[in-house]
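Q: sequence and predicted model, in that order:
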Amino acid sequence: MIEKKIIVVNRAGIHARPAALLVQTTKNFKSNIYFDKGTDRINAKSIMGIITLGAAYGTEINIIAEGEDEAAAVETLARLFESKFEEE
């Protein structure tokens, strides 16, 4: 299992477009992938889970992956967050 803490750095936070991009990306990995925010844990392959997480600008999220491609999954998702989902 690999974990990485990230901060939502795009001003609009996680809305429909970034949520869809995250789900598309997670579907490429065999690992189980989760996002933790506070005490909430959601399946990162669920668009409804991501949207209901309510991750606004500045929110800290923990990316967790467990499986055969866990390292690649965490790094790929972290890069998406760092690139502000290519919105800015």
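A: Great, that's in hand. Numbering: from 1, shown residues only.
Q: contacts, neighbours, all on C-alpha from now
A: Will do.
Q: for the longest helix along the chain, packing partners?
A: Across the chain, the longest stretch assigned as helix under DSSP state H is helix 70-82. Judged by 3 or more CA pairs under 8 Å, 6 or more residues apart in numbering; DSSP states H and E, helix 70-82 is in contact with strand 2-7, helix 16-26, strand 60-66.
Q: quick one: closest of the ones you listed to Phe81.
A: Phe81 lies closest to strand 2-7 among the helices and strands packed on helix 70-82, at 7.5 Å (CA to CA).
Q: tell me how far the closest one lies from the chain's centre.
A: The chain centroid and the centroid of strand 2-7 are separated by 9 Å, computed with CA atoms, centre = their mean, to the nearest Å.
Q: and that strand with helix 70-82, angle?
A: 0 degrees (axes from the mean of the first three to the mean of the last three CA atoms, to 10 degrees).
Q: tell me the strands beside strand 2-7, with direction?
A: Taking DSSP bridges as the criterion, strand 2-7 forms sheet pairs with strand 60-66 (antiparallel).
Q: got the buried residues for the partner strand?
A: 60-66 (16 or more other CA atoms under 10 Å).
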